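Chemist: Structure for this input, please:
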Amino acid sequence: METSVNLQDPFSYSIWPIVLMGVVFIFLTILIVLLVVKRKKKREDKKPEPIQPVPVKRNEMDVKTEYLNMIETIERKYQNGELSERDCYQELSRCVREFVYAITGVKVTTYTLTEIRKSQMPELEKLISEYYHPEFAKETRDEVERAITEAKRVIKTWKTWN
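Modeler: Residues are numbered from 1 along each chain as shown. Got it, this is the predicted structure:
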């Protein structure tokens, strides 16, 4: 029985479409790699700028007194049962961060602990790192009184620029 279909030899097809697809694939791969490298470099370039203090326009002692009074209020609320341990740590962290912002002009109120470490403020770094675990933990150890005392100490001994 004879067949009427004639098969072509595989090598008789044109190779150009395959070469063109290969070139396009290599080009797209290089383009994607370059975009990823550029994006990564751009992200690395966005590291926090060196922190420059802003001159304080208010009297430093007035600012310290104001924030020490805020800590006294937080302590009173904690002792009266109006604040849980966790809430107390969060309020202390907020208060100390706002104090540093008021005294230096550096907006540490929104900084993460890593950014605070880079900010060259060792007293603030030490205090906030102590607050981090109890501030975010489900259960905290009862060291609130020591945390309050430390917050007061940091504010009392703060120099305009550490």
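Chemist: drop to CA atoms for contacts and neighbour counts, all remaining ones
Modeler: Noted.
Chemist: where exactly do the helices run in the protein?
Modeler: Along the chain, the segments classed as helices by DSSP state H run 16-45, 60-79, 85-104, 113-118, 122-136, 144-157.
Chemist: Determine the set of other helices and strands touching the shortest one.
Modeler: Read that as helix 113-118. Of the remaining helices and strands, those touching helix 113-118 by 3 or more Cα pairs under 8 Å, 6 or more residues apart in numbering; DSSP states H and E are helix 122-136.
Chemist: quick one: contacts of the helix it packs on?
Modeler: The set of residues that contact helix 122-136 without belonging to it, under Cα atoms under 8 Å, 6 or more residues apart in numbering, is 85-87, 89-90, 93, 96-97, 113, 116-117, 140-141, 147, 150-151, 154, 162.
Chemist: swap the cut-off to 10 Å and go again
Modeler: Contacts of helix 122-136 from elsewhere in the structure, counted by Cα atoms under 10 Å, 6 or more residues apart in numbering, are 85-94, 96-97, 100, 108, 112-119, 139-144, 147, 150-151, 153-155, 157-158, 162.
Chemist: give me the number of residues near residue 61?
Modeler: 11 (other Cα atoms under 10 Å).
Chemist: ok, now how distant is residue 76 from residue 27?
Modeler: Applying Cα to Cα, to the nearest Å, the value for residue 76 to residue 27 is 67 Å.
Chemist: Check residue 14 too.
Modeler: For residue 14, the distance to residue 27 equals 22 Å [Cα to Cα].
Chemist: same question, residue 71
Modeler: Using Cα to Cα, we find residue 71 at a distance of 61 Å from residue 27.
Chemist: So for those two, which residue has more residues nearby?
Modeler: Neighbours per residue, other Cα under 10 Å: of residue 71 and residue 27, the larger number sits with residue 71, 22 against 11.
Chemist: Contacts only, for residue 33.
Modeler: Taking Cα under 10 Å, 6+ apart as the definition of contact, the neighbours of residue 33 are residue 39.
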